[in-house]
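Engineer: Show me how the following folds:
(chains A and B)
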Amino acid sequence: MFDQLSDRLQATLSDIRSRGKLSEADVDAAMREIRLALLEADVNFKVVKAFTKALKERCLGSEVLESLNPGQQVVKIVDEELTALMGGTGRDLAFAPSGPTVILMAGLQGSGKTTACAKLARHLGESGKDVALAACDVYRPASVEQLVTVGGRAGAHVYEQGTDRDPVEIAAWALDRAREDERDVLIVDTAGRLHVDEDLMAELARIRKRTNPHDVLLVVDAMTGQDAVGVAEAFAEATEFDGVVMTKLDGDARGGAALSVKAVTGKPILFASTGETLEAFDRFHPDRMASRILGMGDVLSLIEKAEKEVDEQQALDLQEKLKRDRFTLEDFLQQMRQVRKLGPLSGLIGMLPGMGAMKQLKGVDVDEGELDRVEAIILSMTPAERANPTIINGSRRKRIAAGSGTRVQHVNQLVKQFDQMRKLMRHMVSGKAPDPQQLAQMMGGAPRPKVRRR
Amino acid sequence: MATSWREIFDLGERQPPPPPAESEEGRRGVFRRLRESLSKSRRALAEELSASLFDRIDDETWERLEEALILADAGVPTTAAVVERLEGEVEARTVGADGEAVRERLIEILAELASTGRAPIDLSGEPAVLLMVGVNGTGKTTTIGKIAWHLRNEFGLSVVLAAADTYRAAATEQLAEWAERAGAELVRSAPGGDPGAVAFDAIAAARARGADVVVVDTAGRLHTQGNLMDELAKVRRVIAKQIPEAPHETLISIDATTGQNGLRQAQLFAEAVAVDGVVLTKLDGTAKGGIVLAIANELGIPVKLIGTGESLEDLRPFDPADFARALLAE
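Structural biologist: Sure thing, here's the model as predicted:
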């Protein structure tokens, strides 16, 4: 997500890290690079100016330049300052002690409010809350239908009164209903509005007043440019929002807008939306994100994901098999299914420390369709074949290809690649570092990893 | 003279009706509207570029000009190119060193940049097929409604809309509403249907009925989603099965608030479906839309239309000189 920013920072920092001694000119040069990197990431010009100024002052401090390893110190300072810029350790939603917790969602048109409402509803529903949605966008054609559909998919009840009533009245009515129905949370979806549209901003302020929300969240598109700051300031003035939901972070947007919003308004980023599906929505962790930008990996998030999805016993069994070199195609199938539960593979790669910098994995786009094919091929094998692929002769190959709707070449490739993978795993188990080329192939999924480079 | 609808659409053999008698007042009204809608971007830049900026030409002038263009989302490379060029010309004395001359030259340079690759929207086909693509939330469906309305009102053309966004909940209903407002026909499928099939059917319907233009709406997608970009390329291929030269025009909608990512959007969509032009939407906020300068400069894809509001009339042909002037002029 913050790929290009992180590329540039990593290049600059690895250069400075490698130096034993730093002059003021070295620091100046690094600051210039950091300034450019941040500007290209759409961080607001004024924020960049203030950020690099503070950074430079700290870097030129005597304890840095005179330390044993000034380069490392600079890296640490950049990490700390970036984390601080994004909002420290993050915070939770404010929940009401009793009665429904009201969350008001606001933002520009097209920032992704309606989708974010449904995703938040699902997210809260997962922790056992009874969530309802209020459809208060009466302006955009078919927006009520959209909320009813996605809200339903998220397992939330949707309170709607069509488009003929005043949105302020709908919001108040929905809150009454939420109280009657004893919902835990009411999320109020509002129409997208321009921050310069005084009437609509006043309407938003009225909705706020009538529903007295516990949290007002501003939805910000990660692709927004320099204007994000102006937008956030205008919303802050009209409705005093409490936090930010950053959307469309699954693209290659560098998300500088979000950093700027935090820096200028002081409001933290609470959630990040990272994909098309309703599940692609997570708490935002500024500290982890800063590490990620600097290429230190987001291992914490990966571990949390894995803990949620991976069966511990299975993992232990697998480890044992790997040690004894008894890894079969059947295990491979199980393992592939488990890993896929963690989400798209391309998303996982970025979470691994050092992987971001690995050239072979740069811009790798794992084709999930290929993985489906691998599954089909393995499922067309007999248990004996899965346990011992060496018995797969010509006629077996033909049968497997026909059974899986693939071609003999695909079966050949899978068998060959599986063999390579076993060799690679023997290496890994024996403690040797993996060959990146081989690793990239494995990530691509056998056979014929269709790897798209960008 | 601003770009007119007649200049921005190439209608081929079709004889459009004589232009509706637009009074001088009406035309001025149109310009005023455009100026007003651009006035926010202008005001923002004008604050940075207050007349005094060019009073004395020195290092600070260039620094502040750089700052202003960056704040307008023009991006670092494009900003550097513009400022270097202007600075070079002033140093070489091909431009007078007085503030007014430098300012006029700056407007020229920006307009020239914004005109890169400029060509009318090709609607000469019978029927002509216009494919609309872009990232989620950039205003594709709204833009299509406005285009359909203008084609009917300005040129009396019959328009068929293809609801090929079968993915987003209620997208078809949204387009249906616009079709009704614009007086266009709608071809749709069940939710989750095949977008290529909808486009194919819409073109077949347009041919059978002798309609003039088919506008194909597609689902918003992030340019990084390989499978969805492949799907888009497939929609394009399916369209070409009906009419080999189609789509005659492919437009990408770019939100004026978009930052440097807009460049990647334009680039990757262009790789997938050969984009002919940009519709710059939501220019009625404070966003400056400077990313289109970067898109024109680095990719050679011109802006053709601008969206300035939510009503049907709020769509205008893009005029590079007006845009540049509006960015800088008082």
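Engineer: Strands along chain A, start to end?
Structural biologist: Under the criterion DSSP state E, strands of chain A are mapped to A:101-107, A:131-136, A:157-159, A:185-190, A:215-221, A:243-247, A:269-273, A:281-283, A:365-366, A:451-452.
Engineer: Include mean pLDDT, distance to B:Lys282 and mean neighbour count when you put those strands into JSON lines, please.
Structural biologist: C-beta: built from backbone N, CA, C; applies to glycine. Output for the strands of chain A, formatted as JSON lines (pLDDT from 0 to 100; distance: least, C-beta to C-beta, whole Å; neighbours: other C-beta atoms under 10 Å in any protein chain shown):
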{"stretch": "strand A:101-107", "mean pLDDT": "95", "distance to B:Lys282": "13", "mean neighbour count": "25"}
{"stretch": "strand A:131-136", "mean pLDDT": "96", "distance to B:Lys282": "21", "mean neighbour count": "28"}
{"stretch": "strand A:157-159", "mean pLDDT": "96", "distance to B:Lys282": "27", "mean neighbour count": "21"}
{"stretch": "strand A:185-190", "mean pLDDT": "96", "distance to B:Lys282": "17", "mean neighbour count": "28"}
{"stretch": "strand A:215-221", "mean pLDDT": "94", "distance to B:Lys282": "11", "mean neighbour count": "26"}
{"stretch": "strand A:243-247", "mean pLDDT": "91", "distance to B:Lys282": "16", "mean neighbour count": "27"}
{"stretch": "strand A:269-273", "mean pLDDT": "90", "distance to B:Lys282": "20", "mean neighbour count": "24"}
{"stretch": "strand A:281-283", "mean pLDDT": "87", "distance to B:Lys282": "25", "mean neighbour count": "19"}
{"stretch": "strand A:365-366", "mean pLDDT": "58", "distance to B:Lys282": "30", "mean neighbour count": "20"}
{"stretch": "strand A:451-452", "mean pLDDT": "39", "distance to B:Lys282": "31", "mean neighbour count": "16"}
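Engineer: can you pull out the helices in the stretch 1-150 of chain A?
Structural biologist: A:3-17, A:24-40, A:45-59, A:62-65, A:70-86, A:113-126, A:143-153 (DSSP state H, counting those that start in this stretch).
Engineer: Name the residues of the stretch 151-300 of chain B found near chain A, please.
Structural biologist: When proximity is defined as C-beta under 8 Å from any C-beta of the partner chain, the stretch 151-300 of chain B approaches chain A at B:168-171, B:173-174, B:176-178, B:222-227, B:255, B:257-262, B:264-265, B:268, B:282, B:284-288, B:290-291.
Engineer: Geometrically speaking, which residue is the centre of the chain?
Structural biologist: Here I'm looking at chain A. When chain A is reduced to its mean C-alpha position, the nearest residue by C-alpha atoms, centre = their mean turns out to be A:Thr274, at 4.3 Å.
Engineer: um, chain B though
Structural biologist: So for chain B, C-alpha atoms, centre = their mean, it's B:Val279, sitting 1.8 Å from the centre.
Engineer: and it, backbone torsions?
Structural biologist: B:Val279 adopts backbone torsions of phi -110, psi 120, taken as degrees, to the nearest 10.
Engineer: Quick check: chain neighbours aside, which residue is closest to A:Thr328?
Structural biologist: A:Ala387 (4.9 Å; C-beta to C-beta, 6 or more residues apart in numbering or on different chains).
Engineer: tell me the contacts of the one you found?
Structural biologist: A:Thr328, A:Leu329, A:Glu330 (C-beta atoms under 8 Å, 6 or more residues apart in numbering or on different chains).
Engineer: A:Glu33 contacts A:Thr12, correct?
Structural biologist: Yes - applying C-beta atoms under 8 Å, one finds A:Glu33 in contact with A:Thr12, separated by 4.2 Å.
Engineer: Just give me how far stretch B:203-211 sits from the chain centre.
Structural biologist: Counting by C-alpha atoms, centre = their mean, to the nearest Å, stretch B:203-211 is centred 27 Å from the centre of its parent chain.
Engineer: Now do the buried residues in that stretch.
Structural biologist: B:Ile203, B:Ala205, B:Ala206, B:Ala211 (16 or more other C-beta atoms under 10 Å in any protein chain shown).
Engineer: How about residues contacting that stretch?
Structural biologist: Counting by C-beta under 8 Å, 6+ apart, B:127, B:129, B:158-160, B:162, B:185, B:187, B:213-214, B:239, B:242-243, B:246 sit against stretch B:203-211.
Engineer: now stretch B:218-229: mean pLDDT?
Structural biologist: For stretch B:218-229, the mean pLDDT works out to 89.
Engineer: Buried residues of that stretch, list them for me.
Structural biologist: Neighbour-count burial for stretch B:218-229 flags B:Thr218, B:Ala219, B:Gly220, B:Arg221, B:Leu222, B:His223, B:Thr224, B:Gln225, B:Gly226, B:Leu228, B:Met229 (criterion: 16+ other C-beta under 10 Å).
Engineer: okay, now B:Gln241: neighbour count?
Structural biologist: Actually, residue B:241 is Lys. It isn't Gln. B:Lys241: 12 surrounding residues under other C-beta atoms under 10 Å in any protein chain shown.
Engineer: Nearest residue to it in space, please, no chain neighbours.
Structural biologist: B:Phe200 (6.9 Å).
Engineer: what about that neighbour, which helix or strand?
Structural biologist: helix B:195-209 (DSSP states H and E).
Engineer: just how off-centre is that helix within its chain?
Structural biologist: 25 Å.
Engineer: Return the alpha-carbon coordinates of the helix or strand just after it using PDB.
Structural biologist: Going down the chain from helix B:195-209, the next helix or strand is strand B:213-218, by DSSP H and E. Taking Å, rounded to 0.1, in the frame of the first residue of the first chain, the C-alpha atoms of strand B:213-218 are listed here in PDB:
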ATOM      1  CA  VAL B 213     -24.400   6.400 -29.400                       C
ATOM      2  CA  VAL B 214     -23.800   3.600 -26.900                       C
ATOM      3  CA  VAL B 215     -22.200   4.600 -23.600                       C
ATOM      4  CA  VAL B 216     -20.900   1.600 -21.600                       C
ATOM      5  CA  ASP B 217     -20.700   2.100 -17.800                       C
ATOM      6  CA  THR B 218     -18.300  -0.200 -16.100                       C
END
